[in-house]
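In: Here's a sequence, model it:
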Amino acid sequence: MTTKVLIYSEQAEEYLAQLKPQFPRVEFYAAFSREAAQPVIAEVDVIFTLAHVIPRDLLAQARSLKWLQSMTTGTDALIGVLPSHILLTSCRGAHGPQMSELAFLYMLALNRNFARMLQAQAACRWDRYAQPLLEGKTAVIVGVGYLAEHLAARCKLFGMRVIGVSGKPRQHPDFDAILPRTALREAAAQADFLILLVPYTAETHRLVDGAVLAAMKQTAFLINLARGGVLDEAAFVAHMRAGKLAGAALDVFTKQPLPADSPLWCLPNVIITPNVGGHSDRFVEQTLAIAVPNLRAFLEGRLGDMQNVVPH
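Out: I've put the predicted structure just below:
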C-alpha cells in the first residue's frame, strides 16, 4: 500500500521538490490551507508541519494518521491535541544557529544601545560613547535543552558567565552552574541578560512573573525566545514603565500576531520581532536533515531508529 504524506506548510512546494526525488514511491500532497488539504486529510498516513500551524479541526479529521513530524523544536501546541497512538517527532536540534544568532543580535543591540546609534545617524549627529562589552557579563538561560546548550557554548566564546535554570538540574561544560527552577529568582538576580528558552507547559505558564522581574537588576535585560505564555506580560509592562529594567527583546507573545494596540509596541528600549527566532534562509534544509532519515526509518518499519520522538 502506498504511503501518503501531507506537507502542510507555507514552504510545502520547497519540501516537495526535495522529498519527491528521494521517495518516488511515496504519494506526497503539498498544501497550506484547509481547503487545499481537505480532500486528502482523511487518507494521509503522515503529516509534516509546524506544530503550531496546522488547524486543530483539520488534524481531527486525519483518521488514518500514524505519524506527525513537527518541523519545530517545540511541540507543546500538539500535546493533549494529538491522540496518544499517533507517533510524534520534532526537529529538536535543527534551529540552534538561528536562535543563538538572534539572541546575540539582541544582546549586542541592547548592551551597546544600538537604537541610539541609529537615531544619531538619522540626525546626522556624531555621537561617540564608550561601548559596553559582553565579556564578563552573566547570561542566565531559563530552560536547558538543546537550544540553550547551543547558545551557552557561544556565550562562553564571548567570555560570558553562563547560568542555566532547569526543571532537571545537571552539569554541562558550557554552563558555570545549572540551578533548579525553584532557584529562578536567585538566578534572575545575577543576570545581566535573562534569556527565556523554556518549553511552554502548565508548569511554565507565567514562570517569569512580577516576583522574578523584581529580583532582576535595574541594569539587566530580558530576552524571550520561548513562548509568550512563559512571561507575565502585564507585570513586564509595569516593570518597564516604572524603569525597573534596562530593556528587553521579545520574539514571542501571548497573542500572535501582536495586536497593533498592544502596549508592548511602545515600551522604551524594547525590541519587538515577529516570531522569527526559529526561521532561517536554510529552514527547509535544516528540518529535512531530521525529517528525511525519519521518513526512511518509518517506511522501513524501523520506528526505534526515528529521531526526536516526543512522548505525549
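In: rest of the way, CA atoms for contacts and neighbours
Out: Noted.
In: Over to residue 287. Which of the three states is it?
Out: helix (DSSP: H, G, I helix; E, B strand; the rest coil).
In: Return the residues in contact with it.
Out: For residue 287, the contact set (C-alpha atoms under 8 Å, 6 or more residues apart in numbering) comprises 71, 91, 94.
In: ok, now residue 168?
Out: residue 180.
In: May I have the predicted confidence score for it?
Out: At residue 168, the pLDDT value in this model is 89.
In: again, but for residue 266
Out: For residue 266, the predicted pLDDT is 96.
In: how near is it to residue 111?
Out: Distance, residue 266 to residue 111, by C-alpha to C-alpha, to the nearest Å: 19 Å.
In: Comparing those two, which residue is more hemmed in?
Out: residue 111 (19 against 13; other C-alpha atoms under 10 Å).
In: Confirm for me that that one is in contact with residue 135.
Out: No - contact criterion C-alpha atoms under 8 Å: residue 111 and residue 135 do not qualify, at 11.1 Å.
In: could you flag which of the contacts of residue 287 are buried?
Out: The neighbour count (16 or more other C-alpha atoms under 10 Å) marks 71, 91, 94 as buried among the contacts of residue 287.
In: Which one of those residues is nearest to residue 190?
Out: Taking C-alpha to C-alpha as the measure, residue 190 lies nearest residue 94 of the buried ones among the contacts of residue 287, at 30.0 Å.
In: How about the contacts made by residue 213?
Out: 188, 235-236, 239.
In: Am I right that it is in a helix?
Out: Yes - using three-state DSSP, the secondary structure at residue 213 is a helix.
In: Quick check: it vs residue 88, distance?
Out: To residue 88, residue 213 is 35 Å away according to C-alpha to C-alpha.
In: repeat for residue 55
Out: The value you get for residue 55 to residue 88, if C-alpha to C-alpha is used, is 16 Å.
In: More neighbours: which of the two?
Out: residue 88 (22 against 12).
In: how about that one, what does it touch?
Out: Neighbouring residues of residue 88 by C-alpha under 8 Å, 6+ apart: 67-70, 309-312.
In: does it sit in a helix, a strand or a coil?
Out: Criterion first, three-state DSSP; result for residue 88: strand.
In: if you skip the residues just before and after it, what's nearest to it?
Out: residue 68 (5.1 Å; C-alpha to C-alpha, 6 or more residues apart in numbering).
In: That neighbour in helix, strand or coil?
Out: Using three-state DSSP, the structure places residue 68 in strand.
In: What mean pLDDT does stretch 229-237 get?
Out: 98.
In: So for it, what gets flagged as buried?
Out: Buried residues in stretch 229-237, defined by neighbour count with 16+ other C-alpha under 10 Å: 229-233, 235-236.
In: can you give me the strands for the stretch 1-150 of the chain?
Out: 4-8, 27-31, 46-49, 67-70, 87-89, 138-142 (DSSP state E, counting those that start in this stretch).
In: What helices and strands are in contact with the fourth one?
Out: Put plainly, it is strand 67-70. With contacts taken as 3 or more C-alpha pairs under 8 Å, 6 or more residues apart in numbering; DSSP states H and E, strand 67-70 sits against strand 46-49, strand 87-89.
In: How about residues contacting that strand?
Out: 45-51, 86-91, 291.
In: Flag the least confident of those.
Out: Taking the contacts of strand 67-70 together, the minimum pLDDT is found at residue 51 (91).
In: about what we covered before: as CSV, the buried ones among the contacts of residue 287 with distance to residue 192 would be great.
Out: Shown next, in CSV, are the buried ones among the contacts of residue 287 (distance: C-alpha to C-alpha, whole Å):
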residue, distance to residue 192
71, 32
91, 30
94, 27
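In: Just give me the closest of the residues you listed to residue 277.
Out: Closest approach between the buried ones among the contacts of residue 287 and residue 277, by C-alpha to C-alpha: residue 94, at 12.1 Å.
In: thinking again about what came up before, helices - which of the contacts of residue 213 land there?
Out: 188, 235-236, 239 (DSSP state H).
In: What is the neighbour count of the nearest residue to residue 79 once chain neighbours are set aside?
Out: In this structure, residue 79 finds its nearest non-sequential neighbour in residue 312, 6.0 Å apart by C-alpha to C-alpha, 6+ apart. As a burial measure, residue 312 scores 16 neighbours (other C-alpha under 10 Å).
In: picking that back up, put the buried members of the contacts of strand 67-70 into a ChimeraX selection.
Out: Remark: buried members of these, expressed as a ChimeraX selection using 16+ other C-alpha under 10 Å:
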select :45,46,47,48,49,50,51,87,88,89,90,91,291
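In: can you give me the helices in the stretch 151-300 of the chain?
Out: Listed in chain order, the helices of the stretch 151-300 of the chain (DSSP state H, counting those that start in this stretch) span 184-190, 210-215, 233-241, 283-299.
In: So which of the strands of the stretch 1-150 of the chain is the most surrounded?
Out: strand 138-142 (a mean of 27; mean count of other C-alpha atoms under 10 Å).
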